[in-house]
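1. Sharing a model prediction with you, sequence too.
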Amino acid sequence: SQQGEEDPQALSIQEGENATMNCSYKTSINNLQWYRQNSGRGLVHLILIRSNEREKHSGRLRVTLDTSKKSSSLLITASRAADTASYFCATDANGANNLFFGTGTRLTVIP
Amino acid sequence: KAGVTQTPRYLIKTRGQQVTLSCSPISGHRSVSWYQQTPGQGLQFLFEYFSETQRNKGNFPGRFSGRQFSNSRSEMNVSTLELGDSALYLCASSLVTQTGFPYEQYFGPGTRLTVT
């Protein structure tokens, strides 16, 4: 299966702390994306990083990509209670427009 | 722009019945993908449509089918429902060139299907 693995499965932090989630995948990719899902609802796109990029920032989000290790990390700085959600990494399949999602990290930010 | 819309939001069916779910993509998006989300299997790709043609298909049985209309709206159909088909079905639309380099996908709120 091309599906990735995310680590940790669950993470609980205090508001204001930083949260780091990791994603590993199995095959070569064109890009890797991160999505957020609030409790059983649709996914919201957070950030896309292409295979030739190593780091990308968007607001409080920082994503790194290491294609040699087939891994990525998502850092959320200065977390807020509203960041409580599940976070998924997703990879493409050699340019095809379908995504393979990781297993997700459930983040809880305690006010 | 209006987001991706899915109807209905909730559905309860019995085993053996069939169901049709509908998805309206963001205006200008020609690619529509469908995903199934369950607690056990996570998020799994069903199929993708582009310009009324199924371009990619996931590993699901033939009971799962779909189509796309000329206005890019899409429907998926599940026939002979099984208990294991209970899931959140998500539709996503995206901009993509005909040669296929993928962009970010925009998801609808999903249709929660319960099969009893």
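-> Yep, that arrived.
2. I'd like to know how many residues surround A:Q37.
-> 22 (other CB atoms under 10 Å in any protein chain shown). Every C-beta, even on glycine, is put in place using the N, C-alpha and C of the backbone.
3. and the gap between it and A:T105?
-> Noted for A:Q37: a distance of 11 Å to A:T105, by CB to CB, to the nearest Å.
4. any common contacting residues for these two?
-> Common contact partners of A:Q37 and A:T105 (CB atoms under 8 Å, 6 or more residues apart in numbering or on different chains): A:S86, A:Y87, A:F88.
5. which one of these has the most neighbours?
-> A:F88 (26 neighbours).
6. Please list all residues in contact with it.
-> Contacts of A:F88 by CB under 8 Å, 6+ apart are A:E6, A:W34, A:Y35, A:R36, A:Q37, A:L43, A:F101, A:G102, A:T103, A:G104, A:T105, B:L43.
7. helices and strands of chain B: which one has the lowest mean pLDDT?
-> None of the helices or strands of chain B scores lower by mean pLDDT, DSSP states H and E than strand B:53-57, at a mean of 90.
8. same thing with chain A?
-> Lowest-scoring helix/strand for chain A, mean pLDDT, DSSP H and E: strand A:96-101, at a mean of 80.
9. near chain B, which residues of chain A?
-> Proximity of chain A to chain B, by CB under 8 Å from any CB of the partner chain, involves residues A:3, A:30-31, A:33, A:35, A:40-45, A:48, A:88, A:90, A:92-93, A:95-104.
10. now the residues you listed: which count as buried?
-> A:3, A:30-31, A:33, A:35, A:41-43, A:45, A:48, A:88, A:90, A:92-93, A:96-104 (16 or more other CB atoms under 10 Å in any protein chain shown).
11. So what touches stretch A:59-67?
-> A:28-29, A:32, A:34, A:46-47, A:49, A:51, A:53-57, A:71-78.
12. what residue lies at the spatial centre of chain B?
-> B:W34 (2.8 Å; CA atoms, centre = their mean).
13. For it, list each beta-bridge partner.
-> B:F47, B:C91 (DSSP bridges).
14. Would you mind measuring from it to A:K56?
-> From B:W34 to A:K56 the distance is 28 Å (CB to CB).
15. What separation do you get for B:G40 and chain A?
-> Between B:G40 and chain A the computed distance is 11 Å (CB to the nearest CB, to the nearest Å).
16. That residue: how many residues sit nearby?
-> Using other CB under 10 Å: B:G40 sits among 6 other residues.
17. Next up, phi/psi of it, please.
-> phi -80, psi -40 (degrees, to the nearest 10).
18. Need the per-residue pLDDT for it.
-> Per-residue pLDDT puts B:G40 at 87.
19. same question, A:N31
-> A:N31 is assigned 87 on the pLDDT scale.
20. and what of A:I76?
-> Looking at A:I76, its pLDDT is 98.
21. Might you report the residue contacts of the spatially closest residue to it that is not a sequence neighbour?
-> For A:I76, ignoring the flanking residues on the chain, the nearest one in space by CB to CB, 6 or more residues apart in numbering or on different chains is A:A19 at 4.5 Å. Contacts for A:A19 were tallied using CB under 8 Å, 6+ apart; they are A:L11, A:I13, A:L75, A:I76, A:S79, A:D83, A:L107, A:V109.
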